[in-house]
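Asks: sequence-free structure coming up:
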């Protein structure tokens, strides 16, 4: 796919982004320019290969959009809102568009509403969701929806519906959802609420629900719970799939890969920011309605209001030549000292592309020349190192060695600082329980990165203990230290391990973190 990405750039496609190539589901993102009525338009595209589950997810969302115009419109508004408010980028530890759509579907299928789109108390005798849950709706009722909404006890498990996971050899995905004979459900969705007048109330209710009503500490967002049941509890997901129960943060169960948390990349500070954006959007809608007097604002006016961009950047892309297929101007084009400011997002894309190129070429001279072109931008080295560490957390084991080699060379060359390394690795360690959901080897990865920079005297065991103390899940703390111990012993031997972990100040820091008994237990593995 890396070669394919290069071909895309050569073919004139723009903003080719390989940041997700080493992710759990490899993706190349790019824009396709074309002209319409004399105006150039960019079509945003994602490409993934050999991923049948993506086709299944797409089919599910497409079916929901076919049966409900209201859902289509709401999803479009919410995706625009999330993008403009800068809370729609997994590489920046915010939520993907797919995650927001799952939140919307869960909201519309799991709650009861009146005709005007206002939330109401659930009534077991008269359930009235805006949207039927396609994975649980009673297929007999769905063909001719008369009487109260009905669901089946559980998704049917048959030879046809159970599909082997492409990446998990012992895991089977239940691919069932109701997808044929949609005329009845389309009629239900159009008649059980006032399609036009309910839209604004539903949008406001959605923002209010996830700002104030949903219990993030106790529940996860899910499509698996029956309409008559309460939301899925975190404790159940912790027991069944190893999800954290200690964080008060967003957790979203994938509709098919039930073990997978769609929101695992969202760090706690980012979640708090997202929740504030939900509250802000709701407040803007309410204020617009109450302050308008006899003249209610138009729907477009309200949408423009809640989707107001966080900040309007100048035409940076044009100034930096991004439209021509690159992230930076050609060498010698005056990027240094030109007064131009590279956006953080573009700098992160550049850092990931640089990582990809180095892993292929191992050209250290090219690496230094590349990074020197951007170091004049504000906080460039800190952003680059943080991006590379995030990239490393999700990479393949075979790629980690090259990433560490790249970081070592940048550090020895003075292009990145000790502070850059400390900040990036501290962030990774603090939220390591979230990364572990997607990459169980993350403790070994962190151990290898710590080992490398401890050897260069950029990091110490006492520093690692202090960072690890901020991890919310106590069960993760010994795993961080164990990973570091394993890496040092593997790379430099038992004597180096004793030297690194054995002096008084280091041991005191570790004992404060783990307790003397647990530390002794860990050390016993290496004697």
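Replies: Sure, I can see it. Just so it is clear, the model here is predicted, and its values are computed rather than measured.

Asks: by contact count, what packs against the helix or strand harbouring residue 452?
Replies: Using DSSP states H and E, the element containing residue 452 is helix 442-455. Helices and strands touching helix 442-455, by 3 or more CB pairs under 8 Å, 6 or more residues apart in numbering; DSSP states H and E, are helix 380-393, helix 397-412, helix 418-430, helix 432-438, helix 477-492. The C-beta positions use only the backbone N, C-alpha and C, and glycine is treated the same way.

Asks: residues in contact with the last one?
Replies: Right, helix 477-492. Outside helix 477-492, the residues within contact range by CB atoms under 8 Å, 6 or more residues apart in numbering are 429, 432, 443-448, 450-451, 454-455, 461, 464-465, 468-469, 471, 496-497, 500-501, 510, 513-514, 518-519, 522-523, 525-526.

Asks: want to try CSV for the helices and strands packed on helix 442-455, with mean pLDDT and mean neighbour count as columns?
Replies: Conversion of the helices and strands packed on helix 442-455 to CSV gives the following (pLDDT from 0 to 100; neighbours: other CB atoms under 10 Å):
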stretch, mean pLDDT, mean neighbour count
helix 380-393, 89, 22
helix 397-412, 92, 17
helix 418-430, 92, 19
helix 432-438, 69, 21
helix 477-492, 93, 20
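
Asks: Tell me where the model's unsure across the chain.
Replies: 22-24, 246-248, 292-297, 311-343, 434, 437-438, 527 (pLDDT under 70).

Asks: Could you point out the helix or strand that follows the biggest helix by length in it?
Replies: Ranked by residue count and defined by DSSP state H, the top helix of the chain is helix 268-290. Using DSSP H and E, the helix or strand that follows helix 268-290 towards the C-terminus is helix 299-306.

Asks: Go ahead and build a ChimeraX selection from the buried members of the contacts of helix 477-492.
Replies: Listed next is the ChimeraX selection for buried residues among the contacts of helix 477-492, using 16 or more other CB atoms under 10 Å:
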select :429,432,443,444,445,446,447,448,450,451,454,461,464,465,468,471,497,500,501,510,513,514,519,522,523
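
Asks: which residue is nearest the centroid of this structure?
Replies: The centroid of the chain falls nearest to residue 90 when counting by CA atoms, centre = their mean (3.5 Å).

Asks: these two touch, right, it and residue 263?
Replies: No: when contacts are counted by CB atoms under 8 Å, residue 90 is not listed as touching residue 263 (9.3 Å).

Asks: if we can go back for a sec, please name the spatially closest residue to the residue nearest to the centre of the chain (chain neighbours excluded).
Replies: Spatial nearest neighbour of residue 90, chain neighbours left out: residue 265 (4.7 Å); criterion: CB to CB, 6 or more residues apart in numbering.

Asks: That neighbour contacts residue 88, doesn't it?
Replies: No: the criterion here is CB under 8 Å, and residue 265 misses it with residue 88 at 11.9 Å.

Asks: The two: who's more crowded?
Replies: More crowded of residue 265 and residue 88, by other CB atoms under 10 Å: residue 265, with 25 against 20.

Asks: so the more buried one, which of the three states?
Replies: Classification of residue 265 by DSSP: H, G, I helix; E, B strand; the rest coil places it in coil.

Asks: how far does stretch 60-76 stretch from start to finish?
Replies: Across stretch 60-76, the terminal residues are separated by 16 Å (CA to CA, to the nearest Å).

Asks: what does stretch 462-476 give?
Replies: Start-to-end span of stretch 462-476 (CA to CA) is 17 Å.

Asks: contacting residues around that stretch?
Replies: Here stretch 462-476 makes contact (CB under 8 Å, 6+ apart) with 244, 246-247, 268, 422, 425-426, 429-433, 436, 450, 477, 480-481, 484, 505-506, 509-510, 512-513.

Asks: Also stretch 517-527?
Replies: Under the contact criterion CB under 8 Å, 6+ apart, stretch 517-527 has outside partners 478, 481, 482, 485, 489, 494, 497, 501, 507, 510, 511, 514.

Asks: Quick one: the strands in the stretch 201-350 of the chain, in order.
Replies: Secondary structure of the stretch 201-350 of the chain (DSSP state E, counting those that start in this stretch): no strands present.

Asks: One more: the stretch 51-200 of the chain?
Replies: Using DSSP E, counting those that start in this stretch, the strands of the stretch 51-200 of the chain run over 112-113, 119-120, 162-164, 172-174.

Asks: so of the ones you listed, which one's packed in deepest?
Replies: Looking across the strands of the stretch 51-200 of the chain with neighbours counted as mean count of other CB atoms under 10 Å, the highest average goes to strand 112-113: a mean of 19.

Asks: Paired strands for that one, with orientation please.
Replies: Strand 112-113 has its sheet partners listed here by DSSP bridges as strand 119-120 (antiparallel).
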